[in-house]
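**Q** Provide a 3D model corresponding to the input given below.
(one chain, ligands or ions: 2)
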Amino acid sequence: MKILITGGSGMVGKNLIEHAAAKQHELVVPSREELDLLSYEKTSDLVKAHTPDLIIHCAGQVGGIHANIADPAGFLVNNLDMGRNIVLSAQAAGVSKLLNLGSSCMYPRLAENPLREEQVLTGELEPTNEGYALAKITVARLCSYLSATKPNLHYKTLMPCNLFGKHDKFDPKVSHLLPAIVKKMHDAKTQGLDSVEIWGDGTVRREFMFASDMADGTWYMVDRFERLPDMMNLGVGHDYSINEYYEAAAKVIGWKGKFTHDLSKPVGMKQKLLSVSRQTELGWAPKTSLEEGIQQTYQFFLDSQS
Ligand SMILES: NC(=O)C1=CN([C@@H]2O[C@H](COP(=O)(O)OP(=O)(O)OC[C@H]3O[C@@H](n4cnc5c(N)ncnc54)[C@H](OP(=O)(O)O)[C@@H]3O)[C@@H](O)[C@H]2O)C=CC1
Ligand SMILES: C[C@H]1O[C@H](OP(=O)(O)OP(=O)(O)OC[C@H]2O[C@@H](n3cnc4c(=O)[nH]c(N)nc43)[C@H](O)[C@@H]2O)[C@@H](O)[C@@H](O)C1=O
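**A** Ligands and ions are numbered 1, 2, ... in the order given. The predicted model follows:
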(Lines give C-alpha, C1' and ligand atoms only; values in the text may rest on other atoms or scores of the structure.)
(Ligands and ions follow the chains in the order given, each with its own letter.)
Protein backbone atom coordinates (compact mmCIF):
# COMPACT_ATOMS: atom_id res chain seq x y z
CA MET A 1 0.00 0.00 0.00
CA LYS A 2 0.95 3.62 -0.42
CA ILE A 3 0.73 5.05 3.10
CA LEU A 4 0.95 8.71 4.13
CA ILE A 5 2.18 9.12 7.71
CA THR A 6 1.71 12.49 9.42
CA GLY A 7 3.93 13.30 12.41
CA GLY A 8 6.75 11.15 11.03
CA SER A 9 9.37 13.08 13.04
CA GLY A 10 7.60 12.37 16.35
CA MET A 11 7.97 9.45 18.74
CA VAL A 12 5.09 7.38 17.35
CA GLY A 13 5.85 8.26 13.72
CA LYS A 14 9.54 7.31 14.03
CA ASN A 15 8.73 4.02 15.77
CA LEU A 16 6.26 3.20 12.98
CA ILE A 17 8.82 3.96 10.28
CA GLU A 18 11.59 1.95 12.02
CA HIS A 19 9.37 -1.15 12.40
CA ALA A 20 10.12 -4.04 10.03
CA ALA A 21 6.51 -4.02 8.73
CA ALA A 22 7.05 -0.55 7.27
CA LYS A 23 9.21 -2.12 4.52
CA GLN A 24 6.14 -3.82 3.04
CA HIS A 25 4.70 -0.45 2.05
CA GLU A 26 5.52 2.64 0.06
CA LEU A 27 5.68 5.35 2.73
CA VAL A 28 5.13 9.06 2.19
CA VAL A 29 6.42 10.91 5.27
CA PRO A 30 6.31 14.68 4.80
CA SER A 31 8.08 16.95 7.27
CA ARG A 32 6.21 19.81 8.93
CA GLU A 33 7.80 22.15 6.36
CA GLU A 34 6.39 20.02 3.54
CA LEU A 35 3.01 19.56 5.21
CA ASP A 36 1.72 22.20 7.62
CA LEU A 37 -1.38 20.50 8.92
CA LEU A 38 -2.69 23.78 10.32
CA SER A 39 -3.41 24.86 6.72
CA TYR A 40 -6.34 23.09 5.05
CA GLU A 41 -5.24 24.25 1.60
CA LYS A 42 -1.66 22.93 1.94
CA THR A 43 -2.87 19.69 3.50
CA SER A 44 -5.48 19.14 0.83
CA ASP A 45 -2.98 19.85 -1.99
CA LEU A 46 -0.46 17.36 -0.56
CA VAL A 47 -3.03 14.62 0.01
CA LYS A 48 -4.41 15.08 -3.53
CA ALA A 49 -0.89 15.02 -5.01
CA HIS A 50 -0.11 11.66 -3.38
CA THR A 51 -3.58 10.04 -3.17
CA PRO A 52 -2.43 7.34 -0.71
CA ASP A 53 -4.33 4.11 -0.03
CA LEU A 54 -4.14 4.82 3.71
CA ILE A 55 -3.29 7.75 5.96
CA ILE A 56 -1.94 7.17 9.49
CA HIS A 57 -2.41 10.43 11.38
CA CYS A 58 0.26 10.66 14.12
CA ALA A 59 0.87 14.43 14.11
CA GLY A 60 -0.30 16.52 17.00
CA GLN A 61 0.55 18.89 19.80
CA VAL A 62 1.54 16.33 22.42
CA GLY A 63 2.85 16.62 25.96
CA GLY A 64 2.51 15.53 29.56
CA ILE A 65 0.32 16.92 32.28
CA HIS A 66 2.37 20.12 32.76
CA ALA A 67 2.34 21.03 29.05
CA ASN A 68 -1.40 20.37 28.82
CA ILE A 69 -2.18 22.62 31.80
CA ALA A 70 0.09 25.39 30.46
CA ASP A 71 -1.59 25.60 27.03
CA PRO A 72 -5.13 24.16 26.95
CA ALA A 73 -6.14 26.49 24.09
CA GLY A 74 -3.19 25.36 21.94
CA PHE A 75 -3.86 21.67 22.66
CA LEU A 76 -7.53 22.16 21.74
CA VAL A 77 -7.20 24.30 18.62
CA ASN A 78 -4.05 22.80 17.09
CA ASN A 79 -5.11 19.18 17.54
CA LEU A 80 -8.61 19.97 16.29
CA ASP A 81 -7.33 21.88 13.24
CA MET A 82 -4.73 19.23 12.33
CA GLY A 83 -7.32 16.49 12.71
CA ARG A 84 -10.09 18.13 10.71
CA ASN A 85 -7.69 19.27 7.99
CA ILE A 86 -6.24 15.81 7.40
CA VAL A 87 -9.59 14.00 7.66
CA LEU A 88 -11.44 16.44 5.36
CA SER A 89 -8.51 16.47 2.92
CA ALA A 90 -8.61 12.68 2.85
CA GLN A 91 -12.33 12.78 2.11
CA ALA A 92 -11.88 15.41 -0.63
CA ALA A 93 -9.15 13.32 -2.30
CA GLY A 94 -11.20 10.11 -2.03
CA VAL A 95 -8.71 8.37 0.28
CA SER A 96 -10.65 5.35 1.45
CA LYS A 97 -8.75 4.41 4.63
CA LEU A 98 -7.52 6.58 7.49
CA LEU A 99 -6.19 5.57 10.89
CA ASN A 100 -6.51 8.39 13.41
CA LEU A 101 -4.66 8.39 16.74
CA GLY A 102 -6.74 9.21 19.78
CA SER A 103 -5.69 8.79 23.41
CA SER A 104 -6.80 7.31 26.72
CA CYS A 105 -7.34 10.97 27.75
CA MET A 106 -10.61 10.85 25.78
CA TYR A 107 -12.32 8.93 28.60
CA PRO A 108 -14.35 10.60 31.36
CA ARG A 109 -12.32 11.22 34.50
CA LEU A 110 -14.58 9.14 36.73
CA ALA A 111 -15.35 6.31 34.30
CA GLU A 112 -15.08 2.81 35.70
CA ASN A 113 -11.78 1.04 34.87
CA PRO A 114 -10.87 -0.82 32.72
CA LEU A 115 -12.09 1.78 30.21
CA ARG A 116 -14.26 0.37 27.42
CA GLU A 117 -14.60 2.15 24.06
CA GLU A 118 -18.34 2.76 24.54
CA GLN A 119 -17.58 4.87 27.66
CA VAL A 120 -16.24 7.77 25.55
CA LEU A 121 -18.60 10.78 25.93
CA THR A 122 -20.40 9.41 28.98
CA GLY A 123 -19.09 11.97 31.49
CA GLU A 124 -17.03 14.99 32.48
CA LEU A 125 -13.44 15.07 31.20
CA GLU A 126 -10.23 15.33 33.25
CA PRO A 127 -9.60 19.11 33.65
CA THR A 128 -5.79 18.82 33.32
CA ASN A 129 -6.13 17.71 29.67
CA GLU A 130 -9.65 18.76 28.73
CA GLY A 131 -8.63 20.85 25.67
CA TYR A 132 -6.59 17.99 24.22
CA ALA A 133 -9.34 15.45 24.96
CA LEU A 134 -12.07 17.60 23.38
CA ALA A 135 -10.02 17.85 20.17
CA LYS A 136 -9.26 14.11 20.16
CA ILE A 137 -12.92 13.19 20.73
CA THR A 138 -14.16 15.57 18.02
CA VAL A 139 -11.74 14.24 15.41
CA ALA A 140 -12.58 10.63 16.35
CA ARG A 141 -16.29 11.41 15.96
CA LEU A 142 -15.67 13.15 12.62
CA CYS A 143 -14.02 9.90 11.45
CA SER A 144 -16.99 7.88 12.73
CA TYR A 145 -19.57 10.15 11.08
CA LEU A 146 -17.85 9.96 7.69
CA SER A 147 -17.44 6.18 7.91
CA ALA A 148 -21.11 5.80 8.86
CA THR A 149 -22.46 7.98 6.05
CA LYS A 150 -20.04 7.43 3.14
CA PRO A 151 -19.87 3.80 2.05
CA ASN A 152 -16.40 4.17 0.48
CA LEU A 153 -14.76 5.79 3.54
CA HIS A 154 -13.28 3.75 6.39
CA TYR A 155 -11.85 6.18 8.93
CA LYS A 156 -11.02 4.61 12.30
CA THR A 157 -9.44 5.66 15.59
CA LEU A 158 -6.91 3.85 17.78
CA MET A 159 -6.79 5.07 21.40
CA PRO A 160 -3.41 4.21 22.93
CA CYS A 161 -2.58 4.36 26.63
CA ASN A 162 0.36 6.54 27.73
CA LEU A 163 3.46 5.80 25.63
CA PHE A 164 7.21 6.00 26.17
CA GLY A 165 10.32 4.89 24.34
CA LYS A 166 12.91 5.74 21.75
CA HIS A 167 12.44 9.23 20.25
CA ASP A 168 10.60 10.41 23.37
CA LYS A 169 10.81 14.00 24.67
CA PHE A 170 12.84 14.42 27.89
CA ASP A 171 12.43 18.16 28.51
CA PRO A 172 10.51 18.44 31.83
CA LYS A 173 8.30 21.19 30.39
CA VAL A 174 6.73 18.76 27.90
CA SER A 175 7.65 15.24 29.03
CA HIS A 176 5.24 12.53 30.10
CA LEU A 177 5.95 10.59 33.29
CA LEU A 178 8.39 7.93 32.03
CA PRO A 179 10.78 10.14 30.05
CA ALA A 180 10.66 12.59 32.99
CA ILE A 181 11.70 9.79 35.35
CA VAL A 182 14.52 8.63 33.05
CA LYS A 183 16.00 12.14 32.99
CA LYS A 184 15.54 12.65 36.75
CA MET A 185 17.25 9.32 37.54
CA HIS A 186 20.10 10.04 35.14
CA ASP A 187 20.64 13.50 36.65
CA ALA A 188 20.51 12.07 40.19
CA LYS A 189 22.99 9.33 39.31
CA THR A 190 25.46 11.55 37.48
CA GLN A 191 25.23 14.43 39.97
CA GLY A 192 25.38 12.15 43.04
CA LEU A 193 22.02 13.33 44.40
CA ASP A 194 20.55 11.32 47.28
CA SER A 195 16.89 12.24 46.70
CA VAL A 196 14.50 12.60 43.77
CA GLU A 197 11.17 14.42 43.85
CA ILE A 198 7.95 12.77 42.67
CA TRP A 199 4.99 14.92 41.59
CA GLY A 200 2.01 14.21 43.87
CA ASP A 201 1.86 11.41 46.44
CA GLY A 202 2.65 8.77 43.80
CA THR A 203 -0.50 6.70 44.35
CA VAL A 204 -2.34 7.49 41.10
CA ARG A 205 -1.99 4.81 38.45
CA ARG A 206 -0.96 4.84 34.79
CA GLU A 207 -0.71 2.34 31.97
CA PHE A 208 2.42 2.85 29.81
CA MET A 209 3.24 1.03 26.58
CA PHE A 210 6.66 0.94 24.93
CA ALA A 211 6.35 2.91 21.69
CA SER A 212 7.85 0.18 19.46
CA ASP A 213 5.14 -2.18 20.76
CA MET A 214 2.57 0.46 19.91
CA ALA A 215 4.07 0.62 16.40
CA ASP A 216 3.87 -3.19 16.19
CA GLY A 217 0.19 -3.08 17.22
CA THR A 218 -0.57 -0.34 14.72
CA TRP A 219 0.98 -2.28 11.80
CA TYR A 220 -0.84 -5.41 12.96
CA MET A 221 -4.14 -3.51 12.84
CA VAL A 222 -3.30 -2.00 9.43
CA ASP A 223 -3.12 -5.57 8.09
CA ARG A 224 -6.57 -6.26 9.59
CA PHE A 225 -8.09 -2.86 8.82
CA GLU A 226 -11.47 -4.25 7.69
CA ARG A 227 -11.92 -6.08 11.01
CA LEU A 228 -10.86 -3.09 13.10
CA PRO A 229 -13.74 -1.49 15.00
CA ASP A 230 -14.61 2.18 14.57
CA MET A 231 -12.69 3.04 17.79
CA MET A 232 -10.32 0.73 19.58
CA ASN A 233 -8.05 0.95 22.63
CA LEU A 234 -4.42 -0.10 22.37
CA GLY A 235 -3.05 -0.97 25.78
CA VAL A 236 -0.89 -3.32 27.84
CA GLY A 237 -3.76 -4.48 30.06
CA HIS A 238 -2.22 -3.58 33.41
CA ASP A 239 -1.08 -0.45 35.20
CA TYR A 240 1.28 0.60 38.01
CA SER A 241 1.31 3.39 40.57
CA ILE A 242 3.55 6.41 39.91
CA ASN A 243 5.75 5.31 42.87
CA GLU A 244 6.19 1.88 41.27
CA TYR A 245 7.38 3.46 37.99
CA TYR A 246 10.00 5.49 39.89
CA GLU A 247 11.14 2.37 41.78
CA ALA A 248 11.39 0.30 38.56
CA ALA A 249 13.43 3.01 36.80
CA ALA A 250 15.76 3.47 39.80
CA LYS A 251 16.56 -0.26 39.63
CA VAL A 252 17.15 -0.32 35.86
CA ILE A 253 19.23 2.88 35.81
CA GLY A 254 21.12 1.93 38.96
CA TRP A 255 20.39 4.82 41.34
CA LYS A 256 19.97 4.22 45.04
CA GLY A 257 18.40 7.05 46.99
CA LYS A 258 15.24 8.37 48.62
CA PHE A 259 12.06 9.65 47.04
CA THR A 260 10.26 12.78 48.24
CA HIS A 261 6.76 13.88 47.18
CA ASP A 262 5.72 17.37 46.05
CA LEU A 263 2.02 17.51 46.85
CA SER A 264 1.62 20.91 45.16
CA LYS A 265 2.13 19.34 41.71
CA PRO A 266 -0.86 18.25 39.53
CA VAL A 267 -1.65 14.52 39.38
CA GLY A 268 -4.55 14.29 36.91
CA MET A 269 -6.73 11.19 36.59
CA LYS A 270 -6.64 8.73 39.44
CA GLN A 271 -6.50 5.82 37.01
CA LYS A 272 -6.85 5.32 33.23
CA LEU A 273 -6.44 1.64 32.53
CA LEU A 274 -7.75 0.60 29.12
CA SER A 275 -9.83 -2.46 28.41
CA VAL A 276 -7.88 -4.59 25.92
CA SER A 277 -10.69 -6.97 25.05
CA ARG A 278 -11.07 -5.75 21.43
CA GLN A 279 -7.33 -5.90 20.66
CA THR A 280 -7.11 -9.34 22.33
CA GLU A 281 -10.00 -10.58 20.18
CA LEU A 282 -8.04 -9.49 17.12
CA GLY A 283 -5.06 -11.47 18.43
CA TRP A 284 -2.50 -8.81 19.38
CA ALA A 285 -0.59 -8.14 22.61
CA PRO A 286 2.51 -6.05 23.38
CA LYS A 287 5.76 -7.91 24.13
CA THR A 288 8.21 -5.58 25.90
CA SER A 289 8.45 -5.68 29.70
CA LEU A 290 8.49 -2.39 31.62
CA GLU A 291 12.12 -2.94 32.66
CA GLU A 292 13.27 -3.68 29.11
CA GLY A 293 11.38 -0.64 27.83
CA ILE A 294 12.99 1.62 30.43
CA GLN A 295 16.44 0.17 29.60
CA GLN A 296 16.00 0.87 25.87
CA THR A 297 14.61 4.35 26.54
CA TYR A 298 17.56 5.12 28.84
CA GLN A 299 19.99 3.92 26.16
CA PHE A 300 18.26 6.19 23.62
CA PHE A 301 18.52 9.08 26.10
CA LEU A 302 22.26 8.43 26.60
CA ASP A 303 22.89 8.14 22.85
CA SER A 304 21.04 11.40 22.22
CA GLN A 305 23.31 13.19 24.75
CA SER A 306 26.52 12.29 22.94
N1 LIG B 1 3.06 10.17 23.60
C2 LIG B 1 2.05 9.61 24.24
O3 LIG B 1 2.15 9.20 25.42
C4 LIG B 1 0.74 9.41 23.53
C5 LIG B 1 0.51 9.89 22.26
N6 LIG B 1 -0.72 9.70 21.67
C7 LIG B 1 -0.99 10.25 20.33
O8 LIG B 1 -0.06 9.70 19.39
C9 LIG B 1 0.22 10.66 18.37
C10 LIG B 1 1.71 10.85 18.25
O11 LIG B 1 2.25 11.31 19.49
P12 LIG B 1 3.82 11.45 19.71
O13 LIG B 1 4.54 10.81 18.60
O14 LIG B 1 4.09 11.06 21.11
O15 LIG B 1 4.02 13.05 19.61
P16 LIG B 1 5.33 13.86 19.25
O17 LIG B 1 5.22 15.18 19.95
O18 LIG B 1 6.55 13.05 19.48
O19 LIG B 1 5.21 14.09 17.68
C20 LIG B 1 4.27 14.99 17.15
C21 LIG B 1 4.44 15.06 15.65
O22 LIG B 1 3.47 15.98 15.12
C23 LIG B 1 4.14 16.88 14.26
N24 LIG B 1 3.43 18.15 14.17
C25 LIG B 1 3.11 18.99 15.17
N26 LIG B 1 2.47 20.07 14.69
C27 LIG B 1 2.42 19.93 13.33
C28 LIG B 1 1.89 20.71 12.27
N29 LIG B 1 1.31 21.89 12.48
N30 LIG B 1 1.98 20.24 11.01
C31 LIG B 1 2.58 19.06 10.77
N32 LIG B 1 3.10 18.26 11.73
C33 LIG B 1 3.01 18.70 13.00
C34 LIG B 1 5.54 17.03 14.87
O35 LIG B 1 6.42 17.59 13.94
P36 LIG B 1 7.78 18.36 14.40
O37 LIG B 1 8.77 17.29 14.68
O38 LIG B 1 8.12 19.19 13.24
O39 LIG B 1 7.41 19.15 15.63
C40 LIG B 1 5.83 15.58 15.22
O41 LIG B 1 6.23 14.88 14.07
C42 LIG B 1 -0.55 11.93 18.76
O43 LIG B 1 -1.79 11.93 18.09
C44 LIG B 1 -0.79 11.75 20.24
O45 LIG B 1 -1.91 12.46 20.66
C46 LIG B 1 -1.73 9.04 22.30
C47 LIG B 1 -1.56 8.52 23.55
C48 LIG B 1 -0.31 8.67 24.27
C1 LIG C 1 -1.03 10.21 27.49
C2 LIG C 1 -1.71 11.34 28.18
O3 LIG C 1 -0.83 11.94 29.14
C4 LIG C 1 -1.25 13.12 29.79
O5 LIG C 1 -1.86 12.81 31.03
P6 LIG C 1 -1.08 12.17 32.26
O7 LIG C 1 -1.12 10.70 32.14
O8 LIG C 1 -1.62 12.74 33.51
O9 LIG C 1 0.40 12.72 31.99
P10 LIG C 1 1.86 12.46 32.51
O11 LIG C 1 2.48 11.29 31.86
O12 LIG C 1 2.57 13.78 32.35
O13 LIG C 1 1.75 12.23 34.10
C14 LIG C 1 1.34 11.02 34.65
C15 LIG C 1 1.33 11.06 36.13
O16 LIG C 1 2.68 11.08 36.59
C17 LIG C 1 2.85 12.05 37.62
N18 LIG C 1 4.24 12.48 37.69
C19 LIG C 1 5.09 12.29 38.73
N20 LIG C 1 6.27 12.86 38.50
C21 LIG C 1 6.19 13.41 37.24
C22 LIG C 1 7.12 14.13 36.46
O23 LIG C 1 8.25 14.42 36.85
N24 LIG C 1 6.67 14.51 35.21
C25 LIG C 1 5.41 14.21 34.74
N26 LIG C 1 5.06 14.62 33.49
N27 LIG C 1 4.51 13.53 35.49
C28 LIG C 1 4.90 13.15 36.73
C29 LIG C 1 1.86 13.13 37.23
O30 LIG C 1 1.57 13.97 38.32
C31 LIG C 1 0.68 12.30 36.76
O32 LIG C 1 -0.07 11.90 37.88
C33 LIG C 1 -2.19 13.99 29.02
O34 LIG C 1 -1.95 15.30 29.45
C35 LIG C 1 -2.11 13.76 27.56
O36 LIG C 1 -0.91 14.24 27.06
C37 LIG C 1 -2.17 12.33 27.18
O38 LIG C 1 -2.56 11.96 26.08
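**Q** do stretch 157-173 and ligand 1 meet?
**A** Yes. Judged by CB under 6 Å from any ligand atom, stretch 157-173 and ligand 1 are in contact via 160, 162, 163. To be clear about C-beta, it is placed using only N, CA and C from the backbone, and glycine gets the same treatment.
**Q** could you give the number of residues near the closest residue to ligand 2 within the chain?
**A** Here the residue of the chain nearest ligand 2 is residue 64; by CB to the nearest ligand atom that distance is 2.6 Å. For residue 64, the count of nearby residues is 24 (other CB atoms under 10 Å).
**Q** nearest residue to it in space, please, no chain neighbours.
**A** Setting aside the residues directly before and after it, residue 64 is nearest to residue 176 in space (CB to CB, 6 or more residues apart in numbering), at 4.1 Å.
**Q** contacting residues for that neighbour?
**A** Residue 176 makes contact with 63, 64, 65, 162, 163, 164, 168, 169 under the criterion CB atoms under 8 Å, 6 or more residues apart in numbering.
**Q** wait, the second one touches residue 170, no?
**A** No. At 10.9 Å, residue 64 and residue 170 do not qualify as touching, with contact defined as CB atoms under 8 Å.
**Q** now do the shared contacts for the two.
**A** Shared contacts of residue 64 and residue 170, defined by CB under 8 Å, 6+ apart, are found at residue 180.
**Q** re earlier: can you name the two of the contacts of residue 176 that are farthest apart?
**A** Farthest pair in these (CB to CB) is 65 and 168. Separation: 15.2 Å.
**Q** state the pLDDT value of residue 218.
**A** At residue 218, the predicted lDDT confidence score is 98.
**Q** residues of the protein that sit close to ligand 1?
**A** Taking CB under 6 Å from any ligand atom as the contact definition, the chain meets ligand 1 at 7-13, 32, 35-38, 58-62, 82, 101, 103, 160, 162-163, 176.
**Q** returning to that earlier point: of the contacts of residue 176, which belong to strands?
**A** Of the positions in the contacts of residue 176, 162, 163, 164 sit in strands, assigned by DSSP state E.
**Q** check these against ligand 2, which are close?
**A** Intersecting the ones in strands among the contacts of residue 176 with the contacts of ligand 2 gives residue 162 (criterion: CB under 6 Å from any ligand atom).
**Q** looking at the stretch 201-306 of the chain, what residue ends up closest to ligand 1?
**A** For the stretch 201-306 of the chain, CB to the nearest ligand atom, closest residue to ligand 1: residue 211, 7.4 Å.
**Q** which residues touch the spatially closest residue to that residue that is not a sequence neighbour?
**A** In space, and not counting its chain neighbours, residue 211 is closest to residue 165: 3.2 Å by CB to CB, 6+ apart. Going by CB under 8 Å, 6+ apart, residue 165 touches 11, 15, 210, 211, 212, 214, 293, 296, 297, 300.
**Q** the first one contacts residue 174, doesn't it?
**A** Same thing as residue 11. No. Look at residue 11 against residue 174 with CB under 8 Å: they stay out of range, at 11.4 Å.
**Q** of the two, who's got more company?
**A** A direct count of neighbours by other CB under 10 Å for residue 11 and residue 174 places residue 11 higher, at 22 against 17.
**Q** coming back round to it: now the ones in strands among the contacts of residue 176 in JSON lines, with neighbour count and distance to residue 47?
**A** Shown next, in JSON lines, are those (neighbours: other CB atoms under 10 Å; distance: CB to CB, whole Å):
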{"residue": "162", "neighbour count": "20", "distance to residue 47": "30"}
{"residue": "163", "neighbour count": "26", "distance to residue 47": "26"}
{"residue": "164", "neighbour count": "25", "distance to residue 47": "31"}
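**Q** what would the ones in strands among the contacts of residue 176 look like in a markdown table with distance to residue 246 and pLDDT?
**A** Shown next, in a markdown table, are those (distance: CB to CB, whole Å; pLDDT from 0 to 100):
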| residue | distance to residue 246 | pLDDT |
| --- | --- | --- |
| 162 | 15 | 98 |
| 163 | 18 | 98 |
| 164 | 13 | 98 |
